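1. sharing a sequence plus its predicted fold:
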Amino acid sequence: MNIYVGNMPYAMSADELKAAFAAYGNVTGVRLVTDRETGRAKGFGFVEMPDAAEANAAIAGLNGSMQGGRALVVNEARPREERPRGERRGFGGPRGERHGGFGAPRNDRRGGFGAPREEEF
């Protein structure tokens, strides 16, 4: 069973996470999610336990437990949501185009960037 672990202390290592789950049974894999650019931990990860009974015991025992001053959030991981390639979040367009916003040219009579200026006499 794949288990999601959130609200982890940023300093928590994969070995520490594995040790916490190993108290409940066999752990076959641990993966901490890190930022691609900085390499810093993002505060969540995944633990793989092959036995469902052991995994459920670990979820019940560790959810809400304090680690490094933070209460862990532990539950069964949901399948990853597939997104079409090229689609990005936060840019508004279906292919990640930027639309309008601050600094966008204004083509109106108030003299925006690229608009012809009217001279007053």
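-> Sure thing, it's come through.
2. find the nearest non-adjacent residue to the most centrally placed residue in the chain, please.
-> With distances taken as C-alpha atoms, centre = their mean, residue 42 lies nearest the centre of the chain, 7.3 Å away. Leaving aside its chain neighbours, residue 42 sits nearest to residue 33 (4.8 Å; criterion: C-beta to C-beta, 6 or more residues apart in numbering). (Glycine included, C-beta is placed from N, CA and C.)
3. list the beta-bridge partners for residue 73.
-> residue 6 (DSSP bridges).
4. who's in contact with it?
-> By C-beta atoms under 8 Å, 6 or more residues apart in numbering, the residues touching residue 73 are 4-7, 63-64.
5. elements contacting the longest helix along the chain?
-> Secondary structure of the chain per DSSP state H: the longest helix is helix 52-62. Using 3 or more C-beta pairs under 8 Å, 6 or more residues apart in numbering; DSSP states H and E, the elements in contact with helix 52-62 are strand 2-6, helix 14-22, strand 73-76.
6. make it 7 Å
-> In this structure, helix 52-62 packs against strand 2-6, strand 73-76, with contacts taken as 3 or more C-beta pairs under 7 Å, 6 or more residues apart in numbering; DSSP states H and E.
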